[in-house]
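**Q** Have a look at this fold, sequence not included:
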């Protein structure tokens with residue numbers, strides 16, 4: 001017979017949340033999360049509905065983590081499609097590299113869910129890379145600042161290697177430091193080198209407080225940047 005006492009944890013699991021759901025006129029509940037998710041997937045709970053785990057304290061439907069996770073891929077696809085439509089619309093020619101950088105960075109942030117973004121382009125006159133856009137709630141990176149080519153992030157870009165974290169190594173840490181002053185912090189960071197032919201012409205850097213970026217979203221951002229640079233050059 002074993003003399004080992006049975007293990008009893010002092011930590012008790014939280015009871016599963018129960019939700020009330022309202023469309024502004026009719027309120028139903030309480031329902032468990034799984035049932036709520038199935039209602040959304042079946043189209044029985046429209047996006048404009050609101051939920052509450054304590055009756056009377058209403059929140060948007062996608063504040064439920066499981067619903068937000070299911071909606072995110074479709075939302076990203078819609079944002080990507082809109083970004084490409086915007087690129088295809090007739091528009092006045094972009095006047096300078098700063099306007100181009102702002103345009104590309106804004107669209108890239110939309111399709112990836114980034115909180116902050118920077119766009120660095122090769123300066124044709126000085127043959128160095130300079131910051132042409134810096135968007136999002138952060139400080140420190142100024143427009144037209146030179147980006148040192150001997151840095152780990154730029155060295156990776158020059159050989160065509162994207163930098164993505166987590167997990168974090170030396171280059172990923174160096175990239176995250178660029179966004180250290182961002183309001184939400186750096187949960188995920190990415191640098192995508194943009195080549196035209198065999199030449200590196202720009203780098204796109206993104207960060208957000210949540211998790212790592214999806215590779216498919218970064219590929220959409222890469223295509224947006226490449227297309228915009230091609231249009232600008234022609």
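**A** Received the coordinates, thanks. Since the structure is predicted, the reported quantities are computational estimates derived from the model, not experimental observations.
**Q** going forward, measure contacts and count neighbours with C-alpha atoms only.
**A** Noted.
**Q** can I see the domain layout of this structure?
**A** Domain assignment for the chain by automatic domain parsing gives 18-63, 73-233.
**Q** How far off centre is the last one?
**A** What that stands for is domain 73-233. On the basis of CA atoms, centre = their mean, to the nearest Å, domain 73-233 sits 11 Å off its chain's mean C-alpha point.
**Q** Let me know the average pLDDT across that domain.
**A** For domain 73-233, mean pLDDT is 83.
**Q** Over to the shortest one?
**A** Along domain 18-63, the predicted local confidence has a mean pLDDT of 84.
**Q** from the chain's centre, how far out does that domain sit?
**A** Counting by CA atoms, centre = their mean, domain 18-63 is centred 26 Å from the centre of its parent chain.
**Q** Can you get me the start-to-end distance on that domain?
**A** Terminal residues of domain 18-63 lie 14 Å apart, using CA to CA, to the nearest Å.
**Q** Please apply the same query to stretch 15-28.
**A** From its first residue to its last, stretch 15-28 covers 20 Å (CA to CA).
**Q** if we can go back for a sec, of the domains of the chain, which stretch is the most buried?
**A** Neighbour counts (mean count of other CA atoms under 10 Å) averaged over each of these peak at domain 73-233, with a mean of 18.
**Q** quick one: residue 201 is in a strand?
**A** Yes. According to DSSP: H, G, I helix; E, B strand; the rest coil, residue 201 belongs to a strand.
**Q** List the residues that contact it.
**A** Residues near residue 201 by CA atoms under 8 Å, 6 or more residues apart in numbering: 121-122, 194-195.
**Q** Of those, which is the nearest to residue 42?
**A** Distances from residue 42 to the contacts of residue 201, taken as CA to CA, are shortest for residue 194 (40.8 Å).
**Q** Look up how far residue 161 lies from the closest one.
**A** For residue 194, the distance to residue 161 - CA to CA - is 10 Å.
**Q** Residue 203 now?
**A** Applying CA to CA, the value for residue 203 to residue 161 is 11 Å.
**Q** between those two, what contacts are shared?
**A** Joint contacts of residue 203 and residue 161 (CA under 8 Å, 6+ apart) are 192-193.
**Q** correct me, but residue 33 touches residue 21?
**A** No. Assessed by CA atoms under 8 Å, residue 33 is found out of contact with residue 21, at 11.0 Å.
**Q** Mind jotting down where the helices sit in the protein?
**A** 33-41, 65-88, 97-112, 152-158, 170-178, 215-233 (DSSP state H).
**Q** Any chance of the ones you listed in JSON lines with distance to residue 187 as columns?
**A** Below are the helices of the chain laid out as JSON lines (distance: least, CA to CA, whole Å):
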{"stretch": "helix 33-41", "distance to residue 187": "27"}
{"stretch": "helix 65-88", "distance to residue 187": "17"}
{"stretch": "helix 97-112", "distance to residue 187": "14"}
{"stretch": "helix 152-158", "distance to residue 187": "17"}
{"stretch": "helix 170-178", "distance to residue 187": "9"}
{"stretch": "helix 215-233", "distance to residue 187": "15"}
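**Q** how about these, which one is nearest residue 53?
**A** Between residue 53 and these, the shortest gap by CA to CA is with helix 33-41, which sits at 10.3 Å.
**Q** contacting residues around residue 105?
**A** Here residue 105 is in contact with 117-119, 133-135, 204 (criterion: CA under 8 Å, 6+ apart).
**Q** Report the two of those separated the most.
**A** Largest separation among the contacts of residue 105 by CA to CA: 135 and 204, giving 11.6 Å.
**Q** which residues are in contact with both of these two?
**A** 105, 117-118.
**Q** quick revisit: compare the helices of the chain and give me the one nearest residue 54.
**A** helix 33-41 (14.0 Å).
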